[in-house]
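# Starting from these lines, generate the structure:
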Amino acid sequence: MQRMLAVGFALVAYVLFFASFLWLIAFIGDVGVFPTTINNAVNGTPVVQAIGFDLFLIALFGSQHSVMARPWFKARLTRIVSPSVERSIYVLAAAVALVIMLRNWHTLGGTIWDVRKGVAAPLIWAVFAIGWIVALLSTFLINHFELFGLSQAWHHGQAREDRPPPLREPLFYRFVRHPLYLGFLIAFWATPHLTFSHLLFAAGMTTYIFIGIAHEERDLLSHFGSAYDDYRKRVGMILPGLGRQRDRPDD
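Residues are numbered from 1 along each chain as shown. Model prediction:
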């Protein structure tokens with residue numbers, strides 16, 4: 001019964017997150033199939049207040065992702081709940097944080113460029129789609145079902161191996177350490193219609209991504225040890241060859 005409840009909860013969390021993820025794609029693409037889009041959300045707010053509120057929403061979203069992903073938070077959470085649903089709680093909280101941001105986004109007026117009717121528009125939309133494909137495929141290259149808590153719920157009550165798994169470098173991970181984030185960055189910036197509202201979102205989320213990478217790299221180094229240290233020296237962070245961790249002169 002506990003396993004069934006864990007799996008049921010994990011499935012609900014997964015479906016809700018996937019729905020919020022589809023909303024995010026439509027939101028950034030300015031496609032009105034959900035309640036808000038990046039250029040059609042809360043309107044009429046004074047510019048300074050709108051910028052401040054939007055930055056607060058990005059910070060709220062980023063804080064949820066970063067804090068709940070830290071090992072110390074997971075250790076405290078699993079004192080209260082079963083480890084089998086810890087990741088699903090994270091996924092559900094991420095969906096809630098994302099919906100809060102998308103639903104309460106304050107749209108800013110003004111356009112930086114608009115080439116939606118130009119010959120470059122189809123190419124830009126193709127790059128936009130590639131960004132999402134790279135992000136989604138990256139989750140399957142590692143372990144999509146574990147990343148979203150489904151594997152943990154399915155294996156509820158079974159003994160887990162304490163030894164850290166070996167570091168793997170499938171496909172994209174041979175060229176960049178964080179292809180998931182690369183996909184998001186491509187999707188956030190590839191737009192034929194760059195408004196001030198879109199610019200604020202893309203810049204804010206880009207800042208969060210690099211802050212998140214710094215925290216994640218420390219956790220990965222602690223988890224994988226010298227294997228990840230060597231990986232950082234060989235493989236670029238976001239772009240191939242760029243952001244590699246160089247040896248110190250006294251090493």
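# just the helices in the stretch 151-251 of the chain please.
For the stretch 151-251 of the chain, applying DSSP state H, counting those that start in this stretch gives helices covering 179-189, 196-224, 226-234.
# Quick check: P179 touching E169?
No: counting by CB atoms under 8 Å, P179 does not reach E169; the two are 10.7 Å apart. C-beta coordinates here come from the backbone N, C-alpha and C atoms, glycine included.
# Which one's more surrounded, these two?
Remark: of P179 and E169, P179 carries more neighbours, 22 against 13, as counted by other CB atoms under 10 Å.
# where's the closest residue to that one other than its chain neighbours relative to E146, distance?
Residue nearest to P179 in three dimensions, not counting chain neighbours: F172, with 3.6 Å by CB to CB, 6 or more residues apart in numbering. F172 sits 18 Å away from E146, taking CB to CB, to the nearest Å as the criterion.
# higher neighbour count, these two?
Taking neighbours as other CB under 10 Å, F172 and E146 compare with F172 leading, 19 against 14.
# OK, contacts around the more buried one?
V134, L137, S138, L141, P179, L182 (CB atoms under 8 Å, 6 or more residues apart in numbering).
# Just flag the most distant two among those residues.
The span of the contacts of F172, defined through CB to CB, is set by L141 and L182 at 12.5 Å.
# sorry, back to before: tabulate the contacts of F172 (CSV), appending pLDDT and distance to N39.
As requested, the contacts of F172 are exported to CSV (pLDDT from 0 to 100; distance: CB to CB, whole Å):
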residue, pLDDT, distance to N39
V134, 97, 24
L137, 97, 28
S138, 97, 28
L141, 94, 33
P179, 97, 28
L182, 97, 25
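# tell me which of these is nearest to A93?
Distances from A93 to these, taken by CB to CB, are shortest for S138, at 21.2 Å.
# still on that earlier bit, so for L141 and L182, which sits in the more crowded spot?
L182 (23 against 15).
# residues touching the more buried one, list them.
V134, A135, F172, V176, I238, L239.
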